[in-house]
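Engineer: here is a sequence together with a model predicted from it:
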Amino acid sequence: MAFCKNCGERIDDAAVICPKCGVPQQTAPTTVDNGGFGWGLLGFCIPLVGLILFLVWRETKPKTSKAAGIGALVSVISVVVIYALFFALGLGAAFSGAYY
């Protein structure tokens, strides 16, 4: 026999609600939200997946959502910086006459 979480009345082990006070006895399963490095790495390697995971999990798993979103954001910023650097170096080489 189990006891009610609210009133302390003895209830059946399989009872979903207490027959005396009506309070639900079973709790919902908890989700793991550790914001792992792997989700951030996945977001970095595949930014579209990171963005989708960020949007899907932002309410239920905020830490994991943030890790995936930051990974995607860092990836996009890195690509923009690298393209800007290559563009600047390409223009510098073109103006110096290195490429004919």
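Structural biologist: Cool, the structure landed.

Engineer: tell me how this structure divides into domains.
Structural biologist: With domains defined by automatic domain parsing, the chain comprises 1-30, 33-100.

Engineer: from Asp33, how far off is the residue positioned nearest the centre of the chain?
Structural biologist: Nearest to the geometric centre of the chain sits Ser65, at 1.7 Å (Cα atoms, centre = their mean). When distance is defined by Cβ to Cβ, to the nearest Å, Ser65 is 9 Å away from Asp33. The C-beta positions use only the backbone N, C-alpha and C, and glycine is treated the same way.

Engineer: where does this structure have low pLDDT?
Structural biologist: Residue ranges of the chain with pLDDT under 70: 27-29, 92-100.

Engineer: other SSEs contacting the biggest helix by length in it?
Structural biologist: Ordering each helix of the chain by length in residues (DSSP state H) puts helix 62-96 first. On a contact count with 3 or more Cβ pairs under 8 Å, 6 or more residues apart in numbering; DSSP states H and E, helix 62-96 meets helix 37-45, helix 47-57.
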